[in-house]
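# based on what follows, work out the 3D shape:
(chains A and B)
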There are 2 protein chains.
Amino acid sequence: MGNVMNTNAFASLDPLVRPRSIAIVGASDDATRIGGRPIAYMKSQNFQGTILPVNPKRDTIQGLKAYTDVDALPETPDVGLIAVAGDAVLSSVEALGRKGTKGVIMFTAGYAEMDEDGARRQEELVAVTRKYGMRLLGPNCLGLFNADIGFYPIFSSAFDGGWPLKGRIGIASQSGAYGTHVFSVARNRGLGTPVCVTTGNEADVALGDVLGWMAQAPEVDVILAYAEGIREREKFLAALELARANRKPIVMMKVGRSELGGEAAKSHTASIAGDDAVTDAVLREFGVLRATSTEHALDVAYAATRRVYPVQNTLGVLTVSGGAGVLISDAAEALGFAMPPMPEEAQKVLKGHISFCAPRNPVDCTAQVVNQPALIGTFAESLVVNGGYSSILGFFTQTGGSRMMAPHIRAEMNKVKAQHPDRLWCLSVIAPPEMVREYQDDGFLVFEDPTRAVVALHAMEYFGKAFAARPCSAVALPKVELPDSTPSEAEAKRILAQAGVPAVPEYACAEVHVAVDAAEAMGYPVVLKILSPDILHKSEIGGVLLNVEDAHGVREGFELLLKRAKEHAPNARIEGVLVAKQIKGGTEMAFGIVNDPVFGPVAMVGLGGIFIEVLKDVAFRRCPFSPAEAEEMIRSLKGFALLDGARGRPKADLKALSTALSNLSAFAAAAGPKLASVDINPVFALPDAAYAADAVLEITP
Amino acid sequence: MGNVMNTNAFASLDPLVRPRSIAIVGASDDATRIGGRPIAYMKSQNFQGTILPVNPKRDTIQGLKAYTDVDALPETPDVGLIAVAGDAVLSSVEALGRKGTKGVIMFTAGYAEMDEDGARRQEELVAVTRKYGMRLLGPNCLGLFNADIGFYPIFSSAFDGGWPLKGRIGIASQSGAYGTHVFSVARNRGLGTPVCVTTGNEADVALGDVLGWMAQAPEVDVILAYAEGIREREKFLAALELARANRKPIVMMKVGRSELGGEAAKSHTASIAGDDAVTDAVLREFGVLRATSTEHALDVAYAATRRVYPVQNTLGVLTVSGGAGVLISDAAEALGFAMPPMPEEAQKVLKGHISFCAPRNPVDCTAQVVNQPALIGTFAESLVVNGGYSSILGFFTQTGGSRMMAPHIRAEMNKVKAQHPDRLWCLSVIAPPEMVREYQDDGFLVFEDPTRAVVALHAMEYFGKAFAARPCSAVALPKVELPDSTPSEAEAKRILAQAGVPAVPEYACAEVHVAVDAAEAMGYPVVLKILSPDILHKSEIGGVLLNVEDAHGVREGFELLLKRAKEHAPNARIEGVLVAKQIKGGTEMAFGIVNDPVFGPVAMVGLGGIFIEVLKDVAFRRCPFSPAEAEEMIRSLKGFALLDGARGRPKADLKALSTALSNLSAFAAAAGPKLASVDINPVFALPDAAYAADAVLEITP
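Got it, this is the predicted structure:
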């Protein structure tokens, strides 16, 4: 996969996140200053290590003994926090390195984010940290916290609203402001976030490092990440793979759409991809859930803390309101969240308890349970035991917040939950915060809005499937020899055919009589296309003739194409005309390769013509991948039914299609950066074969 | 439009919702009982009218003088609340009617929702209320409240969590449990809901009455509605139209999907429609926003209370976090919410204030404003004055909740807001509830989650456009004479052509030599189709032959079609063969009519074949409608680009298409319930015409 690395490498962040001692260079006695606030936080939160203030002007800082410089420190700090600017930065980092310190955290701004001079100074800084084997967080970052050990090398006012709560959600954010924003929202919702790391300029430690550290850290079960742009591939992909292997869900906010693939892009595939589609594909490949909003991200992360990830999730609903039941069913249906009905027998039994209940699923126990609270347990148990649902959602609205009813609901639901801890237990109630906290402490997920509950519960299946997926089978890469410049269509197809992407039978014909012979041999109708390495988009100059029916047509067409080429591209090298069998029937598709600057070659598949151009109905995946994964991509297309016999069509040969697509991915992976892009359009999906009918293979200059 | 009615009719709900006196039949001294709770509520909330308890067994009820029966009441109550069951119900209602009471509210269950006997008793009840000109709310409803006058004829425990807040959102709900649920959520969010009416069985007062009452009631600016199924058309549509005319937004939760159009449906259009697509179309027609969740509904209703509904909404963002700015931009882009950049000049000025700010839009003023709070006002003013945005979203996250910064933010933002009250002012802050309340009291919309803010602000444009839309132009209906049974294809097309839906040139030919002559006259290729009133779906029996190229082909084809018809439909009446010009090029479309049991004829348009079958890319609208509205439907299709010159195609004649579709809608409206359905598939959209190439016109048996 190209992304297997020594995952112990992620432990190199230990000195940054879990140190036994910290030196603060530029320590301040003023708890509001940049060099003072972290000390105040750590004192207040009883940091379980040693705080070593460095300040040449004072003997003590906030009551702690201060040292004049790094060299004067009585011990080697695990990590150094740089809260100075200017020349002092480099000399302090150098001194820390000499001392044997393994981590540096830098708030200081004015580096690569600023200008070229800053970028140069950032490189110097990295050179020093590399020299001493130190990891560097920042510069221009807000810092981090590890609440479990009271470690707060961070410059943020977020704690005015309260300290992090105990819990299992780690926050990894490229943006400091956003990282502490999401921490604050989480805290106000009662969600515990023990660790938050913000990466700033990512001169050394990038998001991938942080994700990887969290993927192997016992402090964290669930990772909530925020990214603006992924800057490196290896650690990022290794981190995603490690998180999946360790069954730790990652929920990611990935914002922004770059201009990659915009006007400047030559390849058609790239212009459809942008980098957002590539990111999407990479995240999906590794089972990372891409959130649509902060609220969505936190809802899913919260549900994930239960660590129940059903591969086949089913939803059983217990409700006191029929209307809410329908609303919940609608939300589940929209997501494709299965809500199978209760077994007939069980429905009869429930009817025996409350004659006017609706026992199908949603199970509407009606407000009658207010009079007979014990029935809550009876009904819930039936949902679990008879319905067998993996997710149980109880909609109790205000009843769940009533001082009279809440204790009954807790007791009854807890009784059943205790017997079945392997389910996702969720309540939709309107209750005061302290009562919500009680439910949560019992182990229930609590959502006021039932639709949000449905979305969050359903996401657990996404993780379940990702965790259960067999690792991608290794794909053998072919030996690829690329020409030094963009080849003609015929040559492109030859190269691809050699790599296992078969082309429509065709002949390159330099002379007209050869073309006639070729056409007669393969049978009419045929397609004629101008053959030139310099004309990439033939149809734009009228360089393709369809439905050529006889020898006369071939002769006329041959001359016409040469004439058009001369008119529209007088300087193009013309090698003759391509005579190809005209494929009848079948479904037009398109394959493509785009070479992403971060993730390398990424393959695209779509249904042809309209579907790509108008509906953007395409799927992407990082290369290489197996035929099984190729088939998954093809099946994910909205128009897949067209390949599967819709409207009386013959079914396409999925195996041939998937194999060709997988072979293309292996070809692209083997070709490396020299291959700029591939556009194969159309690919004919036939009942017994798949053929490339046109191909453009672009070589990086 | 068929839905114009005397809107004063909605004032007939006044005695139910805004009475000066109420009789409680079955009044109870026990404040937890069904006949006691409303009295306790009204006493506690100082009902501004007279409470008249009726109870034969007691002199006083909860300290109020009680009366033995309705006849004994000292005055005519505006409304009577029925809290008794059995025989007493009908006699009490009758007595109230005799007394001159104009409204009855009935909690009592066991009527039409129960069984046939209940339905019969419900009819008796309605007959009595009709006799006396009384409006009846219920039976089997939870009641209503009108907090402004302390009126609480409702049986709910929702007030345990607090009373309704002052505000302008009216709740109209078919479900009592859901209506009080949404009230509770609103109250906990600080949103005022002065009136809530639940309609239960809707024996008389239906959701449309309540929407209409709110549309004309000064108590309400914004209507939040919950519907499971619309039972009647006239009042419902009149209410929607009145709300639009009075610029009162309606946000609706419409849940559930009926089985209409499922297996049993004969028409293809109906099977695509279901009733959900029809509901969707009707709500969109009247500018009602269909919410996807309770949270979404409340977010939009809340934003709507500002009564600022820009027709062209633009979003200007002021943020202290670049990351959040990108996140907000992504959310806006996904919705198509315009975020034009700030003018270059203004950007320069802002750069002058904070050199490292990002002044484009989002305008990132950075955390620097913590040091220079006055710049908040400067930046906000520039957004309004120079950017000219109609919506201003300030993202301040925890800074907005900081005791030190909040007063500055309030002061600065208020200063600018006061000068520009015509904008939508919104803040995304993390702050304690009391501080949020302060911002809200200032008139700011406050959303913790910025994505939800963007969604809610954007919805104001939906209302703005709906309110600005010219009323639908009256469409003249043709005179329509339908046959008594489903006609043949040729007859169907003749009828439609007469109504202004032109068909492909074609001839019905009873004999083979006539067919040959017809084909020779119109020129090859031609299409041959079996002609029979009994064979609706010809292609299923191989009854259509394309690409017939010569006279020989016509002769062979004629015989072949008769043979196939005999084999597959031995009892069908065969009238011969239809010879039609084969249309080359153009885009295949489909028109359809489905007769909705509530809303009557509804037209469908879609791009043909794949687009309908696989992608369900269709638009619906209630009949009749003008060509302009038809064009809107066509333009709303995802595949519209295909008609608009995509991929080098010629542009379709939109005027001809829209006129034909509008004419079809007028035809369907004129035809009335005798017309069960129409399927016109394909319709050929050509550069200079639009032709129906096949039509099935189904008559209601």
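
# which strands border the lengthiest strand in chain A, and is each parallel or antiparallel?
Longest strand in chain A by number of residues, with DSSP state E as the criterion: strand A:675-686. Strand A:675-686 pairs in its sheet with strand A:587-596 (antiparallel), strand A:689-692 (antiparallel), strand A:695-699 (antiparallel), by DSSP bridges.

# tell me the gap between the longest one and the middle of its chain.
Spelled out, it's strand A:587-596. The chain centroid and the centroid of strand A:587-596 are separated by 21 Å under C-alpha atoms, centre = their mean, to the nearest Å.

# residue A:256 and residue B:325, how far apart?
10 Å (C-beta to C-beta, to the nearest Å). Heads up, the C-betas are built off the backbone N, CA and C, glycines and all.

# for the stretch 51-200 of chain A, what lies in contact range of chain B?
Neighbours of chain B within the stretch 51-200 of chain A, by C-beta under 8 Å from any C-beta of the partner chain: A:157-158, A:160-161, A:173-175, A:177-178, A:180-181, A:184-185, A:188.

# so of these, which ones are in helices?
A:177-178, A:180-181, A:184-185, A:188 (DSSP state H).

# name the member of these with the most neighbours.
Ranked by the number of neighbours (other C-beta atoms under 10 Å in any protein chain shown), those place residue A:181 first, at 30 neighbours.

# once you drop chain neighbours, what's closest to the spatially most central residue of chain A?
Residue closest to the average C-alpha location in chain A (C-alpha atoms, centre = their mean): residue A:283, at 2.2 Å. The shortest distance from residue A:283 to any residue other than its chain neighbours is 5.2 Å, reached at residue A:290 (C-beta to C-beta, 6 or more residues apart in numbering or on different chains).

# now residue A:148
residue A:194 (5.0 Å).

# next one: residue A:618
Per C-beta to C-beta, 6+ apart, closest to residue A:618 is residue A:606, 3.7 Å.

# also residue A:297?
In space, residue A:297 is closest to residue A:291, 3.5 Å off (C-beta to C-beta, 6+ apart).

# what about residue A:94, how many residues close to it?
16.

# can you give me the pLDDT of it?
You'll see residue A:94 listed with a pLDDT of 97.

# so residue A:78 touches residue A:15, yeah?
Yes. The criterion here is C-beta atoms under 8 Å, and residue A:78 meets it with residue A:15 at 4.3 Å.

# what do these two both touch?
Here residue A:78 and residue A:15 have A:101-103 as joint contacts, going by C-beta atoms under 8 Å, 6 or more residues apart in numbering or on different chains.

# could you list the residues of the stretch 301-450 of chain A in contact with chain B?
A:320-324, A:326-327, A:329-331, A:333, A:367, A:397-399, A:401-403, A:430, A:432, A:448-450.

# any idea which element the residue in the stretch 351-500 of chain A positioned nearest to chain B lies in?
Closest contact between the stretch 351-500 of chain A and chain B, by C-beta to the nearest C-beta, is at residue A:451 (3.4 Å). Here residue A:451, judged by DSSP states H and E, is contained in helix A:450-468.

# same question for residue A:225.
Assigned by DSSP H and E, residue A:225 falls in strand A:222-227.

# how far does that strand sit from its chain's centre?
Taking the mean of its C-alpha atoms, strand A:222-227 sits 10 Å from the chain's own mean (C-alpha atoms, centre = their mean).

# which element follows that strand toward the C-terminus?
helix A:234-245.

# strands of the stretch 251-400 of chain A, residue ranges please.
Applying DSSP state E, counting those that start in this stretch to the stretch 251-400 of chain A gives strands spanning A:289-290, A:315-319, A:363-364, A:391-397.

# can you lay out the ones you listed as a markdown table showing mean neighbour count and distance to residue A:682?
Below are the strands of the stretch 251-400 of chain A laid out as a markdown table (neighbours: other C-beta atoms under 10 Å in any protein chain shown; distance: least, C-beta to C-beta, whole Å):
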| stretch | mean neighbour count | distance to residue A:682 |
| --- | --- | --- |
| strand A:289-290 | 18 | 31 |
| strand A:315-319 | 27 | 42 |
| strand A:363-364 | 26 | 51 |
| strand A:391-397 | 27 | 43 |
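
# how about the strands in the stretch 101-250 of chain A?
Under DSSP E, counting those that start in this stretch, the stretch 101-250 of chain A gives strands at A:103-106, A:135-137, A:144-146, A:169-173, A:195-198, A:222-227, A:250-254.

# residue A:121 and residue A:113 touch, don't they?
No. Residue A:121 is beyond contact range of residue A:113, at 11.6 Å (criterion: C-beta under 8 Å).

# which of those two has more neighbours?
Taking neighbours as other C-beta under 10 Å, residue A:121 and residue A:113 compare with residue A:121 leading, 18 against 14.

# done for today, thanks.
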